[in-house]
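Peer 1: With the sequence up front, the predicted model follows.
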Amino acid sequence: MRDISVPVLVDVPRQSNTADLVIRQAAKPSNPALFAVKGASGEWTDIRATEFRRQVEDVAKGLIASGVQPGDRVAIMARTRYEWSLADFAIWFAGAVSVPVYETSSPAQVAWILSDSG
């Protein structure tokens, strides 16, 4: 077997994870807008990094209080939207693993995804 290697473009610390993305953005003095959500009257409102982090932490605390443990798998079935991102990051903050299930999946696909993910 042939072995091919290339130089590392970005050095990522071993203890780093995807949840760190939110923490790093919220620590920036500029507090960047990470999302924009459409209100009931049609206007768009920015969700800044510190607000998103607060919401993620609140949902993660709820998941933990509901019994979610590190390593647990948590399914999300929804359309792609802000709340999906919020739930996804909250699951990661709680130490669990997200299992995406799209609303267009057939019942057989849903059953397979859930059984395969444990």
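Peer 2: Here it is on my side, so go on.
Peer 1: Every contact and neighbour count from this point should use C-alpha atoms.
Peer 2: OK.
Peer 1: so where's the longest helix in this protein?
Peer 2: Ranked by residue count under DSSP state H, the longest helix found in the chain is helix 49-65.
Peer 1: Give the other helices and strands that that one contacts.
Peer 2: Contacts defined by 3 or more CA pairs under 8 Å, 6 or more residues apart in numbering; DSSP states H and E place helix 49-65 against helix 20-27, strand 33-38, helix 82-93.
Peer 1: could you redo the last one with a cut-off of 6 Å?
Peer 2: For helix 49-65, the elements it packs on are helix 20-27, helix 82-93, judged by 3 or more CA pairs under 6 Å, 6 or more residues apart in numbering; DSSP states H and E.
Peer 1: and those helices, which is most packed in?
Peer 2: Of all the helices and strands packed on helix 49-65, helix 82-93 carries the top mean neighbour count, a mean of 20, counting by mean count of other CA atoms under 10 Å.
Peer 1: if we can go back for a sec, contacts for the longest helix of the chain?
Peer 2: Residues from elsewhere that reach helix 49-65 (CA atoms under 6 Å, 6 or more residues apart in numbering): 25, 26, 31, 32, 33, 34, 86, 90, 94.
Peer 1: Can you tell me the closest non-neighbouring residue to the fifth one?
Peer 2: The one in question is residue 33. Nearest residue to residue 33, sequence neighbours excluded (CA to CA, 6 or more residues apart in numbering): residue 48, at 4.0 Å.
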